[in-house]
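> Okay, sequence plus prediction incoming.
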Amino acid sequence: MNILDILTIGSKILDRVLPDPAQKAAATLEMFRAQQAGEFKEIDNQLQRDLAQIDVNKTEAASPDFFRGGWRPAVGWVCVFGLLYTFMAQPLLAWASGIWSIPAPPALDMGTLLTLLGGMLGLGTLRTAERIQGVVAPGK
C-alpha cells in the first residue's frame, strides 16, 4: 500500500462522512496539504515496517523448529497455567492451608498476566480475521 492508496481510501471515507460538497472539498484540500507537508510519509513508513514484521511472523510460524516457531504457543500455555493457578489452584491451596495451618501459597501478579493474555488474545483475533479473509488456512 502506498501513499496514493491511502489518499484514495481517505477520499472514499470523506465521501461517506461529509456529504456536503463544500465540506468535502475543504477536507480534501486539507488532506492534500498534509500529504505535501510529509505527514503521510510517517504513516507509509509505519505501514512498511508492519508489513515487514508480518513477513517475519509468517516465517517464524512456518518454522518446524520449536525455538523459533514455538514461542507463541509457549506464551499461550503460560497464560493458561497462570489463570488455572490464580483462579483454581491458589484459592483451593489457600483454603487447605487454613485447615492444616501451613503457609498460604503466593498470589500471582494479575496485572502482568492479564496484559500478556490480552496481547495473546489480540493476536488470536487477528489470526481469526486472516482466516475469515482466506489469508491463513484453517488449522495452521
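Perfect, thanks for sending it. Numbers count the residues shown, from 1 in each chain.

> And this protein, what are its domain boundaries?
What the record gives for the chain is the domain set 1-62, 66-140, from automatic domain parsing.

> pLDDT (mean, whole number) over the longest one?
Translated: domain 66-140. Averaged across domain 66-140, the pLDDT comes to 78.

> Equivalent analysis for the shortest one, please.
Over the span of domain 1-62, the pLDDT mean works out to 72.

> Give me the spatial nearest neighbour of Cys79, chain neighbours excluded.
Leu117 (4.6 Å; Cβ to Cβ, 6 or more residues apart in numbering). (Glycine included, C-beta is placed from N, CA and C.)

> pretty sure that neighbour contacts Leu83?
Yes - contact status for Leu117 versus Leu83: in contact at 7.2 Å, counting by Cβ atoms under 8 Å.

> neighbour count winner among these two?
The residue with more neighbours, out of Leu117 and Leu83 and counting by other Cβ atoms under 10 Å, is Leu117; that gives 18 against 15.

> how many other residues sit next to Met120?
Other residues near Met120 number 16, with proximity taken as other Cβ under 10 Å.

> residues touching it, list them.
Arg72, Val75, Gly76, Cys79 (Cβ atoms under 8 Å, 6 or more residues apart in numbering).

> For the host helix or strand of Phe40, name the packing helices and strands.
Here Phe40 is covered by helix 39-62, with elements defined by DSSP states H and E. The criterion is 3 or more Cβ pairs under 8 Å, 6 or more residues apart in numbering; DSSP states H and E, and the helices and strands that helix 39-62 contacts are helix 3-17, helix 66-69.
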